[in-house]
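# my questions concern the predicted model and sequence given below.
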Amino acid sequence: MAKEKVKSNAVVTANWINPLQLELVVKDAGTIVFDMGVINTALLERATQHGFEQRLRDRAAMSADNKTGLSATAQDKFERIKALVEHYHAGGEWEMRGAGGGGKKAETEWILEALAAVKDTTVDKMREMVAAAAAKKGIATDKYLKQVATVEAVALKVAQLKFGDQEAAVDLDELGGE
């Protein structure tokens with residue numbers, strides 16, 4: 001399990017020993033091991049609910065715009081929460097890679113949008129189609145999307161969506177090599 005980054009003035013540090021046991025070290029006081037394997041199912045369910053609720057609410061926390069000083073709109077907050085829900089529903093991990101405070105799309109969202117464009121359908125409809133196809137293959141949706149991303153038409157569309165219709169500004173021969 002990953003170790004926690006410890007601040008120099010931290011009084012309490014936490015480290016997952018394994019997927020079920022969390023070691024908490026209180027400086028100058030002692031160590032406690034929290035074992036999820038011995039807690040009751042209702043408590044585990046409640047903790048899961050609390051964690052997801054907090055995570056989704058936290059997604060709406062946005063800094064004011066640096067240029068205008070204005071707070072994020074309700075729609076901005078809604079879109080960030082929606083993106084995280086869709087990420088989780090698509091089989092994504094706890095963290096949305098590339099989806100920091102700036103609200104950047106997760107790679108699977110780019111692939112999904114590109115695939116929808118290539119197949120001339122909506123993103124929502126494509127999401128349903130991808131989920132069904134992934135289930136039929138017995139794999140996670142994000143894994144299926146990563147496989148789809150290797151199809152040339154989809155890969156080109158992802159690049160177009162990310163970077164726009166630009167002419168190559170660099171001649172790769174300038175880089176040298178063989």
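Looks like it came in fine. Note that the coordinates shown come from a computational prediction; the quantities given were computed from them, not determined experimentally.
# so where's the chain uncertain?
1-8, 97-106, 165-172, 177-178 (pLDDT under 70).
# what sits closest to residue 27 if chain neighbours are left out?
residue 11 (5.1 Å; C-beta to C-beta, 6 or more residues apart in numbering). No exception for glycine: its C-beta is placed from N, CA and C like everyone else's.
# so that neighbour touches residue 24, yeah?
No: contact criterion C-beta atoms under 8 Å: residue 11 and residue 24 do not qualify, at 10.7 Å.
# higher neighbour count, these two?
residue 24 (13 against 10; other C-beta atoms under 10 Å).
# buried sites along the helix ranked longest in the chain?
Of all the segments of type helix in the chain, defined by DSSP state H, the longest one is helix 41-59. Using 16 or more other C-beta atoms under 10 Å as the test for burial, helix 41-59 gives residue 59.
# show me what it is in contact with.
36, 77, 80-81, 83-85, 94 (C-beta atoms under 8 Å, 6 or more residues apart in numbering).
# mind putting these into JSON lines with neighbour count?
Below are the contacts of helix 41-59 laid out as JSON lines (neighbours: other C-beta atoms under 10 Å):
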{"residue": "36", "neighbour count": "13"}
{"residue": "77", "neighbour count": "16"}
{"residue": "80", "neighbour count": "21"}
{"residue": "81", "neighbour count": "16"}
{"residue": "83", "neighbour count": "18"}
{"residue": "84", "neighbour count": "21"}
{"residue": "85", "neighbour count": "13"}
{"residue": "94", "neighbour count": "9"}
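# between the residues you listed, which is nearest residue 19?
Set against residue 19, the nearest of the contacts of helix 41-59 by C-beta to C-beta is residue 36 (8.2 Å).
# what about the closest residue to the closest one other than its chain neighbours, neighbour count?
Nearest residue to residue 36, sequence neighbours excluded (C-beta to C-beta, 6+ apart): residue 20, at 4.6 Å. Neighbours of residue 20 under the rule other C-beta under 10 Å: 12.
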